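S.K.: Quick one, structure for this:
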Amino acid sequence: MLKWILGILGVVALGYYFLVLDKMTYGGTEPVFTLHDGRTYAASLDGPQPVEIRVVQVARAAFPKAGVVTGASWSPHPIPIYSFQVVFEDGSTLIIDTAEDEALAKGLSDDTAFDMDAYQAMQNAMSQAAKIVVTHEHPDHIGGLTLHPQLQQVLDVTDLTEEQVNHPERQDPAAFPEGALDGYVPLSYVDYRALLPGVALIKTPGHSPGSQMVLVQLKDGREFLFIGDIAWSMESVRTGAGRPRLMSWLFLQEDRATVFKQLKALKKLSDSAPEVELIAAHDLGEMKRLIANGDIIEGFK
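M.R.: Below you'll find the predicted structure:
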């Protein structure tokens, strides 16, 4: 009987280690992206340059940190949901990520805090934007777009990629109204794409099929790389420990091996070019630092 109990405990312990603690990954495709190529594309278009980056925190949930960084504790970890506004010298704007409404945010947790004023400011800014993009097609990044009251108007300036449009199951529970994308021509590119003067897209599938990074070069020379959900916390970039298998496989259906290789590439990039600010989509501490330093301005224009 004791042997059976010890065997069961051993299997449970091995399962826990494999699903929650193990930082090793196997297989996957090697990600290919370089800062040099991103910079080349960002600098390839003439016109008014970006001069500042703004942010609103639309919602804030909390997950156990063990689900955010492999091997971390089970203590609550804040998961803010942001939308970003890049302002150009002619006053035009680019929106990066569109958060989600209160109903979708509360679906994460009953304790999720939601800022209606920030959400409305984001929706108003989307109506005035020259361009809108999302780092990927998950509901906390695309949800505000799907629910915009002037959806057809904002879709005219929105560049969703083919992968983002072709995977509506990754948007769930967010969804575009039936027929809203009829006739919509998604963005198609390989590896890199110049979006606007000073702005480039870098394709990084793994967390989702439509995942991409956004490189922004401000006129004053500062650079920001929006890495989306490759990491929820910059701790994952610094340590190489992304989300555990329990989160990656059971909840996100992401290519964990590819994401871990992307984390290594981002760590290498950060070490070789520390002047580039990497922005993980849900890192509260890093965002507070960037705001305190004046690198990012709180509130939309």
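S.K.: wait, doesn't residue 53 sit right on residue 220?
M.R.: No - using CB atoms under 8 Å, residue 53 is not in contact with residue 220, being 11.5 Å away. Using the backbone N, CA and C atoms, a C-beta is placed for each residue, glycine as well.
S.K.: Packing partners of the helix or strand where residue 78 lies?
M.R.: Assigned by DSSP states H and E, residue 78 belongs to strand 76-88. Judged by 3 or more CB pairs under 8 Å, 6 or more residues apart in numbering; DSSP states H and E, strand 76-88 is in contact with strand 50-64, strand 93-96, helix 116-128, helix 284-292.
S.K.: please redo it, this time with the cut-off set to 6 Å
M.R.: strand 50-64, strand 93-96 (3 or more CB pairs under 6 Å, 6 or more residues apart in numbering; DSSP states H and E).
S.K.: next SSE after the shortest one?
M.R.: Spelled out, that is strand 93-96. Per DSSP H and E, the helix or strand that comes after strand 93-96 is helix 102-108.
S.K.: Now do the strands in the stretch 101-250 of the chain.
M.R.: 113-114, 131-133, 192-196, 199-203, 212-217, 223-228 (DSSP state E, counting those that start in this stretch).
S.K.: Of all these, which one is nearest residue 123?
M.R.: Closest approach to residue 123 among the strands of the stretch 101-250 of the chain (CB to CB): strand 131-133, 11.3 Å.
S.K.: Quick check: buried residues in the closest one?
M.R.: 131, 132, 133 (16 or more other CB atoms under 10 Å).
S.K.: residues in contact with it?
M.R.: 94, 95, 96, 157, 158, 159 (CB atoms under 6 Å, 6 or more residues apart in numbering).
S.K.: Output stretch 291-299 as PDB, restricted to C-alpha atoms.
M.R.: Only the C-alpha atoms of stretch 291-299 are listed here, as PDB (Å, rounded to 0.1, in the frame of the first residue of the first chain):
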ATOM      1  CA  ILE A 291       6.000  56.900 -16.700                       C
ATOM      2  CA  ALA A 292       8.100  58.100 -13.800                       C
ATOM      3  CA  ASN A 293      11.100  58.600 -16.100                       C
ATOM      4  CA  GLY A 294       9.000  60.600 -18.600                       C
ATOM      5  CA  ASP A 295       9.500  58.000 -21.400                       C
ATOM      6  CA  ILE A 296       5.800  57.300 -21.600                       C
ATOM      7  CA  ILE A 297       3.100  59.800 -20.800                       C
ATOM      8  CA  GLU A 298      -0.100  58.800 -18.900                       C
ATOM      9  CA  GLY A 299      -3.400  59.700 -20.600                       C
END
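S.K.: per-residue confidence averaged over that stretch?
M.R.: For stretch 291-299, mean pLDDT is 98.
S.K.: Same check on stretch 122-139?
M.R.: Per-residue scores along stretch 122-139 average to 98.
S.K.: What is the burial count for the residue nearest to residue 171 when sequence neighbours are not counted?
M.R.: Distance criterion CB to CB, 6 or more residues apart in numbering; nearest residue to residue 171, sequence neighbours excluded, is residue 137 at 5.2 Å. A total of 25 residues lie near residue 137 under the criterion other CB atoms under 10 Å.
S.K.: What of the one 3 residues further on?
M.R.: By the other CB under 10 Å criterion, the neighbourhood of residue 140 contains 26 residues.
S.K.: Wait, it touches residue 80, no?
M.R.: No - contact criterion CB atoms under 6 Å: residue 140 and residue 80 do not qualify, at 9.9 Å.
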